[in-house]
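# model this:
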Amino acid sequence: MATRKKTAPEPVEEQIIKTEYSELMQKSFVDYAMSVIVARALPDVRDGLKPVQRRVLYDMTELGIHYDRPYRKSARIVGDTMGKYHPHGDSSIYDSLVVMAQDFKKELPLVDGHGNFGNIEGDSAAAMRYTEARLQKITEEGLLADLDKDVVDFVPNFDETEKEPSVLPALIPNFLINGSEGIAVGMATSTPTHNVGEAIDAEIALIEDPELTSADLMRFLPGPDFPTGGIVINQNDLQDIYETGTGKIKLRGRLTEEKGKAGHINLVITEIPYTMIGSGIGKFLSDVAALSENKLTNDIVDISNQSSKEGIRIVIELRKDADVPYFKTLLYKKTKLEDTFGVNMLAIKDGRPETLGLKQILQANIDFAFEVTRRKYENLLRKEQDRREIQEGLIKACNVIDLVIEILRGSTDRNMAKRCLVQGDTTGIRFKQKESAIMAAQLNFTDRQADAILEMRLYKLIGLELNALIKEHEETVANIYKYEDILEQRSSMTQVIRKELLRFKKSYASERKTTITQEEEVVYVKKAEEEIDVVFLMDRFGYAKTIDMQTYERNKETADSENRFAFVCKNTGKVCIFTNTGALYTVKVSDLPMSKLKDKGKPIDNVSGYDSTKEDIVCITSQSVLNLYRVLFVTKEGMIKLVDGGEFDVTRKAVAATLLGDKDTVVSVVPVSGEQSVVLQTKAGFFLKFPMEEIPMQKKTARGVRGIKLGKDDEVEMAYVLKTGESNTVVYHDHEVDLNHLKTTARGGKGTKK
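Residues are numbered from 1 along each chain as shown. Below is the predicted model of the structure:
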């Protein structure tokens, strides 16, 4: 058996492309960014839809889920859309479907949802397997109509197995009506919703007078109209926003006053800013409650969210003597009841992202409407012309029906009869009379007419049917004249578009929900709090609170025994916390809860920054007391000093109160005034008593001077300040030591062993 000789493969020529890495990265990133911008995140100005929204709506019409048909499972819609047109995961598709069905997010919902599609308070929609949907009537009439008339271009889908429209044939300015929000790469769109009737009026006005400016158009469309209502309070800024396409809209919720129970005043919120949709309502309720907790107001009695399907109703019950104007100001400044909506009307125009003003958006819609209408009537005209050709052929054939029948009977096949009808070729056809052959040779029907004649049924020869055919032909001719007029005369096409827009307005326009006004910015000035004495209490677990003086005086013995620290301070003042690490923490008394005696209070480390795991509290006292006194510092290594209490009147929440050695700690901090002597006690049992005058005044940044001479491994354990005329007895190792009877010596000595 012969073997075939193997030949070596021809060498492949190497092709090495040299390029800068930075250029390659730049090109790749730009390609990626444009893909996200154009194919995912931004809407097209013509139909106001992002690609995923457009694909969902087109898929629904392909599935036949029309407004007058039964609902279909959302999972079916999502799966079909993902498989045919949008292979980017089901969550984005379902999210788009849900948003298009939510009337609190869209001025004109495009999908009719059945089931739990979420609510304005932030509860999410049920899973797609539970919900159902179908198209809204306006969606079919305003966005999907005439798709079968070649009014828009169709492009291949991702795997080129299907065709999808590059844009929906929208006649209504959907980009303005429903707005849009989306984040792309390096840019974002945020367009507010607008009233349907006003947007259509503005578009009609610009069609009739293309010279109108954005300011002129605002006579018809004065500003945004949010589904949640509310009040736009910066009307003077809107003209600039609609000229440039960017700016900030200031929104307020709508507040009304009602009489409550027992003479109380109820503030009722019936409309919220659009930016509060979702978890913003829960955050608002928390912020209102925080006004009381932070002691910004004492007027709140109760807060309740009574919202239902009928609408928003949040009730804030106030005291009888509440300062209502001040409280409203507080709500506007300290909560999201007044908020800002950032406008950036960015959309895809002519294949590129562009920030558009009001006139540019409407003009783009108008140009698109004329293009769609032109293509529609060109298609209709073409069909009517084809219909006229056939109708004229049938009418002509009916006039010579005997001849036609004779041709058909004398022909041997269809092609022979058709050649005779079209070309007058009588070859092979047997005629009964020579005159028939002469007449047949003069026939010149078109191909379409000949086919129609050959397929014509005999009942068409009935007189009534012939009359109906003639009438139908007259209607066809009239339609042709009408369509040609629309295509040739711009004024005629304008009237067609105007008529359609007015029909949409009549069917779907609603009253404006958002009020537009110009109001002065609210100025919030915190009310000066009435200064009163309160009592600071902190238990051994570090929970702190304040109580009123009357409660403390009635329960003084209990309060003193159950708390580690108890002293009088001002409700407008500060509390100073000294720790063993030499740190000082200041806390506003207003940051502590005003409580009942038995209430637990708030952990002191939560409001001060003090870390209970790394340091211990040595002293807590009132800032106002320190300003009147000197402060005695004693450390473990026997260092001692006096500091003017005014040095601790600081604005920072945490500062160093004294300078310490590497291993030294503070054991005592005592405010002093006219005290006579100081006694230092060591761990080894030495007591040293010396006059207060021997302690120097120093800055808080100083380390101090030696107070007592310590033995090896000994350290200061306690410090006592003695006042003239007071008994000072302490217990040391189970026996009492009378500090007054100790011998007074000089500072710096070793002391007496006990």
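
# CA only for contacts and neighbour counts going forward, please
Will do.

# For Arg252, see how far away the residue nearest the centre of the chain is.
Central residue check for the chain by C-alpha atoms, centre = their mean: the C-alpha nearest the mean position is that of Thr275, 6.2 Å away. With distances taken as C-alpha to C-alpha, to the nearest Å, Thr275 is found 10 Å from Arg252.

# With Leu63 instead?
Taking C-alpha to C-alpha, one finds Leu63 at 42 Å from Arg252.

# domain parsing for this protein?
For the chain, automatic domain parsing gives the domain ranges 49-143+152-169, 254-336, 387-507, 533-753.

# For my notes, please list the ones you listed in JSON lines and give mean pLDDT for each entry.
Formatted as JSON lines, the domains of the chain follow (pLDDT from 0 to 100):
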{"stretch": "domain 49-143+152-169", "mean pLDDT": "94"}
{"stretch": "domain 254-336", "mean pLDDT": "89"}
{"stretch": "domain 387-507", "mean pLDDT": "86"}
{"stretch": "domain 533-753", "mean pLDDT": "90"}
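
# Between these, which one is closest to Gln235.
Among the domains of the chain, the nearest to Gln235 by C-alpha to C-alpha is domain 254-336 (15.6 Å).

# so how far does that closest one reach from one end to the other?
Domain 254-336: ends 12 Å apart by C-alpha to C-alpha.

# where's that domain relative to the chain centroid, distance-wise?
Distance of domain 254-336 from its chain centroid, counting by C-alpha atoms, centre = their mean, to the nearest Å, is 22 Å.

# Kindly report the same for stretch 584-596.
Centroid separation for stretch 584-596 versus its chain: 36 Å, with C-alpha atoms, centre = their mean.

# just to revisit the earlier point, including distance to Arg375, could the domains of the chain go into TSV?
TSV is the format used below for those (distance: least, C-alpha to C-alpha, whole Å):
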stretch	distance to Arg375
domain 49-143+152-169	8
domain 254-336	39
domain 387-507	9
domain 533-753	70
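
# so which of the ones you listed comes closest to Arg374?
The closest of the domains of the chain to Arg374 is domain 387-507. By C-alpha to C-alpha, the value is 6.4 Å.

# need the contact list for the residue nearest to the centre of the chain.
By C-alpha atoms under 8 Å, 6 or more residues apart in numbering, the contact list for Thr275 reads Asp339, Thr340, Phe341.

# just Thr476 next, same as before
By C-alpha under 8 Å, 6+ apart, the neighbours of Thr476 are Glu384, Gln385, Arg387, Arg388.

# out of everything not next to it in sequence, what's closest to Phe154?
Nearest residue to Phe154 in three dimensions, chain neighbours excluded: Pro165, at 4.3 Å (C-alpha to C-alpha, 6 or more residues apart in numbering).

# thinking again about what came up before, which one of the domains of the chain lies nearest to Ser190?
Among the domains of the chain, if distance is taken as C-alpha to C-alpha, the winner is domain 254-336, at 11.6 Å.

# quick one: the closest residue to Asn728 other than its chain neighbours from Met538, how far?
Distance criterion C-alpha to C-alpha, 6+ apart; nearest residue to Asn728, sequence neighbours excluded, is Leu739 at 5.6 Å. Per C-alpha to C-alpha, Leu739 is found 29 Å from Met538.

# the more surrounded of those two?
Ranked by neighbour count (other C-alpha atoms under 10 Å), Leu739 and Met538 place Met538 first, with 24 against 20.

# so who does that one touch?
Contacts of Met538 (C-alpha under 8 Å, 6+ apart): Ala544, Lys545, Asn563, Arg564, Phe565, Ala566.

# Narrow the residues you listed to those in strands?
Those of the contacts of Met538 mapping onto strands are Ala544, Lys545, Phe565, Ala566, per DSSP state E.

# Just grab the bridge partners of the third one for me.
This means Phe565. Met538 (DSSP bridges).

# Please apply the same query to the first one.
Each beta-bridge partner of Ala544 is listed here: Met538, Lys602, as defined by DSSP bridges.

# Now for it: which residues touch it?
By C-alpha under 8 Å, 6+ apart, the contact set of Ala544 is Phe536, Leu537, Met538, Leu592, Lys600, Gly601, Lys602, Pro603, Ile604.

# For those residues, give me TSV that also has distance to Ile497.
Formatted as TSV, these follow (distance: C-alpha to C-alpha, whole Å):
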residue	distance to Ile497
Phe536	76
Leu537	77
Met538	77
Leu592	67
Lys600	72
Gly601	70
Lys602	68
Pro603	70
Ile604	71
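
# ok, so of those, who is nearest Glu530?
Ranked by distance to Glu530 (C-alpha to C-alpha), the contacts of Ala544 are led by Leu592 at 16.3 Å.

# list the contacts for the closest one?
Applying C-alpha under 8 Å, 6+ apart, we find Leu592 in contact with Ala544, Lys545, Thr546, Gly601, Lys602, Val607.

# Counting neighbours, what do you get for Ile172?
Ile172: 27 surrounding residues under other C-alpha under 10 Å.

# ok, it to Phe104 distance?
Per C-alpha to C-alpha, Ile172 is found 20 Å from Phe104.

# now swap in Thr517 and tell me
22 Å.

# rewinding a little: between the contacts of Thr275, which sits nearest Ile695?
In terms of C-alpha to C-alpha, no member of those lies closer to Ile695 than Asp339, at 58.9 Å.

# follow-up on the earlier one: these two touch, right, the residue nearest to Asn728 and Val678?
No. Using C-alpha atoms under 8 Å, Leu739 makes no contact with Val678, being 9.6 Å away.

# neighbouring contacts of stretch 238-247?
If you take C-alpha under 8 Å, 6+ apart as the criterion, stretch 238-247 is touched by 214-215, 218, 223, 237, 248-249, 342-346, 355-359.

# Can you list which of those residues are found in helices?
Among these, DSSP state H puts Ser214, Ala215, Asp237, Leu358, Lys359 in helices.

# could you dump those residues to CSV with distance to Ala478 and pLDDT?
What follows is these, written out as CSV (distance: C-alpha to C-alpha, whole Å; pLDDT from 0 to 100):
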residue, distance to Ala478, pLDDT
Ser214, 40, 93
Ala215, 42, 93
Asp237, 52, 94
Leu358, 39, 96
Lys359, 37, 96
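
# ranking those residues by neighbours, who comes first?
Counting neighbours by other C-alpha under 10 Å, Lys359 comes out on top of the ones in helices among the contacts of stretch 238-247 with 24 neighbours.

# what's the closest non-adjacent residue to that one?
Take Lys359 and drop its neighbours on the chain: the residue closest to it by C-alpha to C-alpha, 6+ apart is Ser214, 5.2 Å away.

# what are the phi and psi angles of Gly704?
Dihedral angles of Gly704 (phi, psi; degrees, to the nearest 10) stand at phi 100, psi -170.

# whoops, Ala684 was the one
Given degrees, to the nearest 10, the pair of backbone angles that Ala684 has is phi -80, psi 0.

# Over to Glu472?
The phi/psi pair for Glu472 (degrees, to the nearest 10) reads phi -60, psi -40.

# That one: how many residues sit nearby?
Number of residues near Glu472 (other C-alpha under 10 Å) recorded here: 15.

# do the one 5 residues further on as well
Val477 sits with 16 neighbouring residues when counted by other C-alpha under 10 Å.

# how about the nearest residue to it, chain neighbours excluded?
Arg388 (7.0 Å).

# hmm, back to that, state the distance from the residue nearest to the centre of the chain to Gly342.
According to C-alpha to C-alpha, Thr275 and Gly342 sit 10 Å apart.

# Show me which residues of stretch 208-220 are buried.
Using 16 or more other C-alpha atoms under 10 Å as the test for burial, stretch 208-220 gives Ser214, Ala215, Asp216, Leu217, Met218, Phe220.

# Which pLDDT value does the model give the fifth one?
At Met218 the predicted local confidence, pLDDT, stands at 95.

# distance of it from Lys359?
10 Å.

# tell me the contacts of the residue nearest to Asn728?
With contacts defined as C-alpha under 8 Å, 6+ apart, the neighbours of Leu739 are Val679, Asn728, Thr729, Val730.

# Export these to CSV and append columns for secondary structure and neighbour count.
Compiled in CSV, the contacts of Leu739 are given as follows (DSSP: H, G, I helix; E, B strand; the rest coil; neighbours: other C-alpha atoms under 10 Å):
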residue, secondary structure, neighbour count
Val679, strand, 23
Asn728, coil, 14
Thr729, strand, 12
Val730, strand, 12
